[in-house]
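# Attaching a predicted model along with its sequence, questions to come.
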Amino acid sequence: MPHSIELPRPRMTTLDNGIRVVTQSIAGMQSAAIGIRIDSSTRNEPADMGGASHFIEHLLFKGTDRRSADRIMEEFDALGAGANAYTSQEEVFYYATCLCSALPATFDILADLFVNSTLPQEEVEKERGVVLQEISMIQDNPGRYLYQRFHQGFWKDHPIGQSVLGTTESIASVGRDRLMGHKLSQYVANATIVSAAGNVEHDRIVELVQRLLCELPGGSVPRIAPEPGWQPSIGVYVHNPRPMEQTQFYMGYPIPPAGNEHRHTLAVFNQILGGGMSSRLFREVRERRGLAYAVYSTMVSYSDSASLLVFAGTGPERAQEAIDVCHGELLRFCGETVSSETLDSAREQLRCKRLMSLDDCETQVRRISNSLSVLGTPEPMEDVLRGIAAVSAEDVRSLAQSLFGEVTPRVESVGPGDGPGLPR
């Protein structure tokens, strides 16, 4: 790592009420991003309120005592700011990007909707229709439908196996009062992280949070855990028949959860396996065999469980071949050591991606809040790069042997006919 690169180091302050504030300052940038994260989401929902966290995420933009839904958007626009939010299985994240000079006013709006949203009844009914359409949209999209089905199957009987969107029945039946009650029970200080990145001053952000989130209630939100002894559903094949040209499939293998000590080795492994155009999956499945246009690997990580996923879409007559080849490429790591050239390339690709991401405030505001949530402290970029650089070829082979040597993955597909099957 060149000595001339001066990397930003995040700073963290925990307020008296339990809110954690983390910032990463990069002087000279015109822009900044700020976000509010709640470490509670789908996995903490009652069974008959599936999708409540995502529904509430939509509704928080629909009005407070101070601002109507239209006024919220008008004020963001007048500042030249862009606001958005997302919901995953374990967190809900509200964020905005703006010029650094507009950050205090931008956060005033964001904090207002986070603390003071009233969830107006008429907006609940309108947004109910929007969420129901979102559920329908996934049913009409084979790729998203397959991912949701795979996720629910791999994490069957685990709290994170629930759909973020919920079901048609749960969204149609949940009332405004239950939604507000759930919001008030989950949006508490000890579960809240405020993160800011870009041209920001840590002490000023702390002052803003102290002033604008002081009314956030106290308390904690314990994560709902799976039953003792729970294991992911692997060694299973499921096909979802659908009249379409391709057969698309996911293959899933258990890996250690988010924040584990092998996370940098896993990142290098994933890069070599299916992270780019020189990856083994891309070269063997697409370039050499012409089996697929899209093929890749990725990791889906949660606090207590995670999976390495392989995806490909191919003709139904060659789907079994594609599954066999993908699995075979993964098993190659168990029996051979990657070359120094391959290892160096993968580490350099990851290093460059991480460094280039520093120019994106939105990416960084999510990264520092996520590392704080997972690790208990924000991970400096310098430590990330050092961890990647330290990964050896033997580390990759040893980890592959321990994780994948004796594992049959879960395979789930969508497409015509009866589908392929497990790797042979």
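Yep, that arrived. The shown structure was predicted, so the numbers you read here are calculated from the model rather than taken from an experiment.
# And the one helix or strand Gly313 maps to, what does it pack against?
Under the criterion of DSSP states H and E, Gly313 resides in strand 306-314. Using 3 or more CB pairs under 8 Å, 6 or more residues apart in numbering; DSSP states H and E as the contact test, the elements touching strand 306-314 are helix 142-154, strand 247-255, helix 263-274, strand 295-301, helix 319-335. Backbone N, C-alpha and C define where each C-beta goes, glycine included.
# Mean pLDDT, distance to Ser369 and mean neighbour count for the ones you listed - can I get that in CSV?
Compiled in CSV, the helices and strands packed on strand 306-314 are given as follows (pLDDT from 0 to 100; distance: least, CB to CB, whole Å; neighbours: other CB atoms under 10 Å):
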stretch, mean pLDDT, distance to Ser369, mean neighbour count
helix 142-154, 97, 23, 19
strand 247-255, 98, 22, 24
helix 263-274, 98, 17, 23
strand 295-301, 98, 15, 20
helix 319-335, 97, 32, 20
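# what about the protein, any weak spots by pLDDT?
Residues of the chain that meet the criterion pLDDT under 70 lie in 1-4.
# Return the residue of it that is most distant from the centre.
Relative to the C-alpha centroid of the chain, counting by CA atoms, centre = their mean, Glu317 is the outermost residue, at 33.4 Å.
# want to throw the helices and strands packed on strand 306-314 into JSON lines with distance to Leu403?
Listed next are the helices and strands packed on strand 306-314 as JSON lines, based on distance: least, CB to CB, whole Å:
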{"stretch": "helix 142-154", "distance to Leu403": "15"}
{"stretch": "strand 247-255", "distance to Leu403": "6"}
{"stretch": "helix 263-274", "distance to Leu403": "9"}
{"stretch": "strand 295-301", "distance to Leu403": "12"}
{"stretch": "helix 319-335", "distance to Leu403": "9"}
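# right, so of the ones you listed, which gets closest to Ser345?
Checking the helices and strands packed on strand 306-314 against Ser345 by CB to CB gives helix 263-274 as the closest, at 8.3 Å.
# quick one: Leu216 from Thr192, how far?
Going from Leu216 to Thr192 by CB to CB, to the nearest Å gives 6 Å.
# list the residues that contact both of those two?
Between them, Leu216 and Thr192 share the neighbouring residues Ile19, with contact defined by CB atoms under 8 Å, 6 or more residues apart in numbering.
# starting at the chain centroid, how far to stretch 313-330?
Distance, stretch centre to chain centre, for stretch 313-330: 27 Å (CA atoms, centre = their mean, to the nearest Å).
# correction: stretch 176-187
Mean C-alpha position of stretch 176-187 versus that of the full chain (CA atoms, centre = their mean) differs by 23 Å.
# And stretch 238-247, by the same measure?
Remark: stretch 238-247 is offset 26 Å from the chain centroid, using CA atoms, centre = their mean.
# send the alpha carbons of that stretch over as PDB?
Extracted C-alpha coordinates of stretch 238-247, given in PDB (Å, rounded to 0.1, in the frame of the first residue of the first chain):
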ATOM      1  CA  VAL A 238     -36.300 -27.200  -5.400                       C
ATOM      2  CA  HIS A 239     -37.600 -26.200  -8.900                       C
ATOM      3  CA  ASN A 240     -40.200 -23.500  -9.500                       C
ATOM      4  CA  PRO A 241     -41.900 -24.300 -12.800                       C
ATOM      5  CA  ARG A 242     -42.500 -21.300 -15.000                       C
ATOM      6  CA  PRO A 243     -42.900 -20.900 -18.800                       C
ATOM      7  CA  MET A 244     -39.800 -19.000 -19.800                       C
ATOM      8  CA  GLU A 245     -36.800 -19.300 -22.100                       C
ATOM      9  CA  GLN A 246     -34.100 -19.800 -19.500                       C
ATOM     10  CA  THR A 247     -33.500 -21.900 -16.400                       C
END
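# Going by neighbour count, which residues of it are buried?
Burial within stretch 238-247, assessed by neighbour count using 16 or more other CB atoms under 10 Å, is assigned to 239, 242, 246-247.
# Just the element for Phe93, please.
Element membership for Phe93 (DSSP H and E) is strand 92-99.
# other SSEs contacting that strand?
For strand 92-99, the contact count by 3+ CB pairs under 8 Å, 6+ apart identifies strand 31-38, helix 52-59, strand 82-87, helix 103-116, helix 361-375 as packing neighbours.
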